[in-house]
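# 3D model of this:
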Amino acid sequence: MTTSGARLLRRPGEPPRTTFLELFFDLVFVGALAQLSHGLIQDLRWSDAFQTLVLLLAMWWIWTITAWTLDLYDQQRMEIQLLVTATMLGSLVMVVAVPDAFGKRGLVFAGTYVAIHVGRQLFLVLALRGHELQRRSIRVLVWFGVSAVPWFAGAAAHGTARGALWTLAVAVDYGAVALRWPTPGLGRSPKSDLGVLGEHLADRYRQFFIIALGELILMSGLTLYASGLAADRNAAFVVSFATTVLFWRIYMYRAGQLLAEAVAAAQDPTRVAFSATYSPPIMVAGVVATSVGVELVIAHPLGHTQPAWVAVILGGPALFLAGRAGFEYAVFARVSRDRPIGVLVLATLAPAMLFVPPLLAALAATAVLAGVAVADAARARGRPPEPPSPPG
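As a prediction, the model looks like this:
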């Protein structure tokens, strides 16, 4: 006999393609990334960069848990569509609160974050009654209840204390997944409960990265329009576009295309899918930092390069390469040498970039990315495509 909860599950044999519902949901996160980059450029300090990272990780977790939910459940069901729509509305409230999340809107941001996760799991616990997956939803609900404590405590605190408590909350949320939500009386979720469709998740990660690149292109165009079409600014715009293209090329080359196959080939598909989940936010953080750098370079291509400017102009690509290295390891169980070499070259160039205009600093970062892309192409020339070989 089929339980009412079983009717919500994705039908066996259903093609693991991205649906219009998921693409509609993604629209919120275009605004989220734009808000994060706009907020960071207002005050380029290490403390603000760290706060931006915490907010990005929170927004990414909303998107990720929604992607995993839709990996399991039938998106044609009205209940699931309403659940995603409610999550979308809550995410939009968080986007509005982002600029002042570490100020007077901290409770709005944290409260909405907790409400989204707890509300989703409460719905699933009730909807899945009588089904074995209900126990999984109870475990997840318990852990989001645990992380709610530092989220709300942080909202009540100020300054450094808020940052510390919210960092703890993010660590609890990310760590609970890695441990498969161990819960007293219920134990950990068995891997069979996690239902990973590699092709679907790989497609979703690619789409989120495309959203990040879209935000980078948008910021480039808007900044050029606001600054005027002078020759130096046009040159900066071309450099920023080249950087965007190189981000796309380096992300997609092999590992970005083969994640689904890596999940399918792995002895432990869940482990591969989870390890691949932690790399995209690092890459996206790199794109957000680069977006800030692009705004500065296009607006002041021949101005005086400040230390904070160097941090985003070179640090953004370095973060991207670091995240891409982790992503590559999840697919091939190894990291190409050009990734860490690229990071080291960017770090080595940083002191010298203080003495050149921002346009030249951006050009140097783009040249390093181009070197990585060329090294990828040269390594593959004349060889058969490398199959995925995820870590055991």
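
# In this protein, which helix is the longest?
helix 198-227 (DSSP state H).

# Name the residues of that one that come out as buried.
Within helix 198-227, the residues scored as buried using 16 or more other Cβ atoms under 10 Å are 198-206, 208-209, 211-216, 219-220, 223-224, 227. Using the backbone N, CA and C atoms, a C-beta is placed for each residue, glycine as well.

# Tell me the helices and strands packed up against that helix.
Judged by 3 or more Cβ pairs under 8 Å, 6 or more residues apart in numbering; DSSP states H and E, the packing partners of helix 198-227 are helix 20-42, helix 46-72, helix 231-251, helix 257-265, helix 269-277, helix 280-299.

# That helix to helix 46-72, inter-axis angle?
Put simply, helix 198-227 runs at 140 degrees to helix 46-72, going by axes from the mean of the first three to the mean of the last three Cα atoms, to 10 degrees.

# Most tightly packed of the helices and strands packed on helix 198-227?
helix 280-299 (a mean of 26; mean count of other Cβ atoms under 10 Å).

# In a strand, Gly130, correct?
No: with the criterion set as DSSP: H, G, I helix; E, B strand; the rest coil, the secondary structure at Gly130 is coil rather than a strand.

# where does the stretch 101-250 of the chain have low pLDDT?
For the stretch 101-250 of the chain, the stretches with pLDDT under 70 are 191-198.

# can you list the helices and strands packed on helix 198-227 in JSON lines and add distance to Tyr329?
As requested, the helices and strands packed on helix 198-227 are exported to JSON lines (distance: least, Cβ to Cβ, whole Å):
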{"stretch": "helix 20-42", "distance to Tyr329": "25"}
{"stretch": "helix 46-72", "distance to Tyr329": "19"}
{"stretch": "helix 231-251", "distance to Tyr329": "15"}
{"stretch": "helix 257-265", "distance to Tyr329": "11"}
{"stretch": "helix 269-277", "distance to Tyr329": "8"}
{"stretch": "helix 280-299", "distance to Tyr329": "12"}
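
# and of these, who's closest to Thr112?
Nearest to Thr112 among the helices and strands packed on helix 198-227 is helix 46-72; the distance by Cβ to Cβ comes to 9.4 Å.

# Quick one: mean pLDDT over that closest one.
Helix 46-72 shows a mean pLDDT of 92 in the predicted model.

# quick one: buried residues of whichever helix or strand comes after that helix?
Under the assignment DSSP states H and E, the closest C-terminal helix or strand after helix 46-72 is helix 78-97. Under the neighbour-count criterion of 16+ other Cβ under 10 Å, helix 78-97 has 80, 83-84, 87-88, 90-97 buried.

# who does helix 78-97 touch, helix- and strand-wise?
In this structure, helix 78-97 makes packing contacts with helix 20-42, helix 46-72, helix 106-127, judged by 3+ Cβ pairs under 8 Å, 6+ apart.

# TSV please, covering those and showing distance to Val238.
TSV is the format used below for those (distance: least, Cβ to Cβ, whole Å):
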stretch	distance to Val238
helix 20-42	20
helix 46-72	27
helix 106-127	37
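
# Just tell me which of those helices ends up closest to Ala273.
Closest approach to Ala273 among the helices and strands packed on helix 78-97 is made by helix 46-72 (8.8 Å; Cβ to Cβ).

# what angle separates the closest one from helix 280-299?
For helix 46-72 against helix 280-299, the angle by the same axes, to 10 degrees is 130 degrees.

# just the angle between the longest helix of the chain and helix 257-265, please?
Using the same axes, to 10 degrees, helix 198-227 lies at 160 degrees relative to helix 257-265.

# how big is the angle separating helix 198-227 from helix 269-277?
In this structure, helix 198-227 runs at an angle of 10 degrees to helix 269-277, with the same axes, to 10 degrees as the basis.

# Distance-wise, check Gly323 relative to Ala226.
When distances are taken as Cβ to Cβ, to the nearest Å, Gly323 and Ala226 turn out to be 30 Å apart.

# Also Gln121?
43 Å.

# you'd agree Phe274 is up against Ala178?
Yes: taking contacts as Cβ atoms under 8 Å, Phe274 lies within contact range of Ala178: 6.5 Å.
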